[in-house]
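Peer 1: using only what follows, build the 3D model:
(one chain, ligands or ions: 1)
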Amino acid sequence: MLPVPLPAELPAPLPAPATAAQLEALAADLRAAGLEPLRSAGELEGLAADAFVYSPVLQPLLLGRRAQIGVRLSDRQSVPAVAAACARHGISLTLRGAGTGNYGQCVPLAGGLVLDLSGCNRLLELDADTGVFRAEAGILLADLEQQLQVRGREPRLLPSTVRSATLGGYVAGGSGGIGSLRWGFLRDPGHLLGLELVTVEPEPRRLALTAAAARPLNHAYGTNGIITTLTMASAAAVSWHQLVLEFEGWEAALAAAQQLPAAALLLQELCLLEAPVAAQLPWPQGCPAADGRGHRLLLLASPDALPLLSDWLPELGGQLLWQAPQGRSRGIPLRELSWNHTTLHVRGRDAGITYLQLLLPRPEGPALKALRDRWGDDVLWHLEAVRSMGEQRLACLPLVRWRGREALAQLIEQARAMGCILFNPHVISVEDGGLGVVDSDQVAAKAVYDPDGLLNPGKLRGWLER
Ligand code: FAD
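Peer 2: Purely as a prediction, here's the structure:
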């Protein structure tokens, strides 16, 4: 088995930060294009932050990394001017949506310029027959959702950061989330149907890529092209109902998490929280607080699933604690208790907690039991139902008490030995956060669209190793 990659230093080689003369020349070019360079310490700090602090491995490597200059765009027609200026002066360029990534995806490792695209935020087209839409990369996912919903559609997949993240950042830096139970992951063929791209060259090209040509840019951390618009499939809108179920026994709760996604029920989200995790979360208004004894299963279900669920629940060994239509409840919505929002809430009470991301082997019970027996209260369980390679599976984002690198490496090794697939959130490169292998198409795309290697240096291992 490959060694557990927990980096102790930044990737190398990284380009040198820009010199004062290079920065002045860049700033002059930006002003000539009618753009305002951002240079104050506060602005640069804000443009470099993301949620890497969830990882005590990444924290010491990424804290304090800053851009040397920033630009915020509200018109995507200005993107080529920024790309051209960076290419002419040989300055690295890191793209930014909302900066909610968990692995320092948009933290510039080698200074240079950060380009914030969150002002390029329009829904451009929606085909009423097919539901295919085209939107600017910086559109806030909640705005996209709202604009699709009024026309009877909804995004297929959303991160639990739907209220803060952008579409471009989600495709370039995220992977799945709410909807993954039904629709799998963002990199599955069929979600991203095309994109508009600006290359980083002295004379930037604006290219329209088909679904196949767009694939290497999907989940590439903005290392191989500047995405300005995305064309994606949507789903028919559903009036999702939020349900909180409670189970006394872990085995019954796990069995329900296995059986519900396999039934002919339309579900958009299923999240299982072990009792000590549930006890640390805020709950929607009207939902009883958790007392640390019951395991909680959160569902987003279509209205026609509700009668069957209420009949089936006693047999499954659970009880319904609370339900409300999504968008019409008060307090925290259920989707902000799922995916990495669970980690966010638990870390809000105890910053000594970090996490992992695993796909459990099937059947899940034996691996979970072995891990629970070995790690006890140091690892608390949060499971998510997903569709992976066409099969219903359970993923998990266990909450891990930080006891140092060695203990984390041992946990990862045991999980892998039990058949879990690791999506490591404690690494810097695109490849190490996935299956660990270089995707030669991503590297080839970078050679064509970013020939001088200026985009987000250090994040694509295949480029460093080529
Ligand atoms: P950023 O963080 O700004 O950027 C992400 C990456 O994309 C960076 O590498 C950036 O350089 C690149 N990028 C941004 N814009 C462009 C562009 N136009 N062209 C090319 N590259 C670009 N992720 C999930 O997948 N599912 C979840 O459920 C989920 N839950 C989360 C919960 C919490 C509490 C937190 C903190 C994070 C969570 N994440 C999740 C991670 C993160 O929210 C998602 O990856 C998110 O969608 C990123 O969007 P963003 O706009 O913040 O992107």
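Peer 1: give me the distance between the residue of the stretch 1-150 of the chain found nearest the ligand and Ala407.
Peer 2: The minimum distance from the stretch 1-150 of the chain to the ligand, using CB to the nearest ligand atom, falls at Gly97 (2.5 Å). All C-beta spots, glycine's among them, are computed from the backbone N, C-alpha and C. The gap separating Gly97 from Ala407 is 34 Å, by CB to CB, to the nearest Å.
Peer 1: who has more neighbours, the two?
Peer 2: Gly97 (32 against 14; other CB atoms under 10 Å).
Peer 1: phi, psi of that one?
Peer 2: For Gly97, the backbone dihedrals (degrees, to the nearest 10) come out as phi -100, psi -100.
Peer 1: ramachandran angles for the closest residue to it other than its chain neighbours?
Peer 2: Leaving aside its sequence neighbours, Gly97 sits nearest to Gly169 (CB to CB, 6 or more residues apart in numbering; 2.7 Å). With angles defined as degrees, to the nearest 10, Gly169 sits at phi -70, psi -40.
Peer 1: my guess is the residue of the stretch 1-150 of the chain closest to the ligand contacts Ser118. True?
Peer 2: Yes. The pair Gly97 and Ser118 passes the contact test of CB atoms under 8 Å, sitting 5.8 Å apart.
Peer 1: intersection of neighbour lists for the two?
Peer 2: Gly138, Thr166 (CB atoms under 8 Å, 6 or more residues apart in numbering).
Peer 1: Leu297 pairs with what?
Peer 2: Leu245, Leu272 (DSSP bridges).
Peer 1: that one and Leu270 touch, don't they?
Peer 2: Yes. Using CB under 8 Å, Leu297 is in contact with Leu270, at 6.9 Å.
Peer 1: spell out which residues are contacts of both of these two.
Peer 2: Ala257.
Peer 1: against Glu274, how distant is the residue of the chain found nearest the ligand?
Peer 2: Taking CB to the nearest ligand atom, the ligand has its nearest neighbour within the chain at Gly169, 1.9 Å off. Distance of Gly169 to Glu274, given as CB to CB: 30 Å.
Peer 1: next: Leu399.
Peer 2: 9 Å.
Peer 1: and Gln285, by the same measure?
Peer 2: 24 Å.
Peer 1: between these two, which one's more packed in?
Peer 2: Glu274 (20 against 11).
Peer 1: ok, that one touching Leu380?
Peer 2: Yes. Counting by CB under 8 Å, Glu274 does reach Leu380; the two are 5.4 Å apart.
Peer 1: which residues of the stretch 101-250 of the chain fall in strands?
Peer 2: Secondary structure of the stretch 101-250 of the chain (DSSP state E, counting those that start in this stretch): strands at 113-116, 123-126, 133-136, 153-155, 192-198, 206-210, 226-232, 234-236, 241-247.
Peer 1: got these as CSV, with mean neighbour count columns?
Peer 2: CSV is the format used below for these (neighbours: other CB atoms under 10 Å):
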stretch, mean neighbour count
strand 113-116, 27
strand 123-126, 14
strand 133-136, 23
strand 153-155, 22
strand 192-198, 21
strand 206-210, 15
strand 226-232, 24
strand 234-236, 15
strand 241-247, 23
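Peer 1: with mean pLDDT and distance to the ligand added, can I get these in JSON lines?
Peer 2: Compiled in JSON lines, the strands of the stretch 101-250 of the chain are given as follows (pLDDT from 0 to 100; distance: least, CB to the nearest ligand atom, whole Å):
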{"stretch": "strand 113-116", "mean pLDDT": "98", "distance to the ligand": "8"}
{"stretch": "strand 123-126", "mean pLDDT": "98", "distance to the ligand": "14"}
{"stretch": "strand 133-136", "mean pLDDT": "98", "distance to the ligand": "9"}
{"stretch": "strand 153-155", "mean pLDDT": "98", "distance to the ligand": "11"}
{"stretch": "strand 192-198", "mean pLDDT": "98", "distance to the ligand": "8"}
{"stretch": "strand 206-210", "mean pLDDT": "98", "distance to the ligand": "12"}
{"stretch": "strand 226-232", "mean pLDDT": "98", "distance to the ligand": "3"}
{"stretch": "strand 234-236", "mean pLDDT": "98", "distance to the ligand": "17"}
{"stretch": "strand 241-247", "mean pLDDT": "98", "distance to the ligand": "16"}
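Peer 1: tell me which of those lies nearest to Ser55.
Peer 2: strand 113-116 (20.8 Å; CB to CB).
Peer 1: determine the set of other helices and strands touching that closest one.
Peer 2: strand 69-72, helix 79-89, strand 93-96 (3 or more CB pairs under 8 Å, 6 or more residues apart in numbering; DSSP states H and E).
Peer 1: who's in contact with Gln442?
Peer 2: Shown in contact with Gln442 (CB under 8 Å, 6+ apart): Pro216, Leu217, Ala220, Thr223, Asn224, Val430, Leu460, Gly462.
Peer 1: could you say which helix or strand contains it?
Peer 2: Using DSSP states H and E, Gln442 falls within helix 440-449.
Peer 1: next secondary structure element downstream of that helix?
Peer 2: Helix 440-449 is succeeded, C-terminally, by helix 461-464 (DSSP H and E).
Peer 1: what does that following helix contact?
Peer 2: The contact list for helix 461-464 (CB under 8 Å, 6+ apart) reads 11-13, 223, 429-432, 438-440, 442-443, 446, 453, 458.
Peer 1: quickly list the domain ranges of this structure.
Peer 2: Annotated domains of the chain cover 20-116, 123-236, 241-422 [automatic domain parsing].
Peer 1: what about the second one, start to end distance?
Peer 2: End-to-end distance for domain 123-236: 17 Å, by CA to CA, to the nearest Å.
Peer 1: can you give me how far that domain is from the chain middle?
Peer 2: 13 Å (CA atoms, centre = their mean, to the nearest Å).
Peer 1: for Ala253, grab phi and psi.
Peer 2: According to degrees, to the nearest 10, Ala253 has phi -60, psi -40.
Peer 1: I should have written Trp240 there, sorry.
Peer 2: Trp240 adopts backbone torsions of phi -60, psi 140, taken as degrees, to the nearest 10.
Peer 1: wait, isn't it in contact with Pro325?
Peer 2: Yes. Assessed by CB under 8 Å, Trp240 is found in contact with Pro325 at 7.4 Å.
Peer 1: of the two, who's got more company?
Peer 2: More crowded of Trp240 and Pro325, by other CB under 10 Å: Trp240, with 23 against 11.
Peer 1: wait, what's in contact with the more buried one?
Peer 2: Applying CB under 8 Å, 6+ apart, we find Trp240 in contact with Gln268, Leu300, Ala301, Ser302, Pro325, Gln326.
Peer 1: just the pLDDT for Leu435.
Peer 2: Leu435 carries a pLDDT value of 86.
Peer 1: would you mind measuring from it to Arg416?
Peer 2: Distance from Leu435 to Arg416, by CB to CB: 12 Å.
Peer 1: what do you get for Trp312?
Peer 2: Distance, Trp312 to Arg416, by CB to CB: 35 Å.
Peer 1: how about the residues of the stretch 201-350 of the chain near the ligand?
Peer 2: With CB under 6 Å from any ligand atom as the criterion, the stretch 201-350 of the chain meets the ligand at residues Tyr221, Gly222, Ile226, Ile227, Trp339, Asn340, His341, Leu344.
Peer 1: quick check: Pro457 touching Pro15?
Peer 2: Yes. Pro457 lies in contact with Pro15 (CB under 8 Å); the separation is 5.4 Å.
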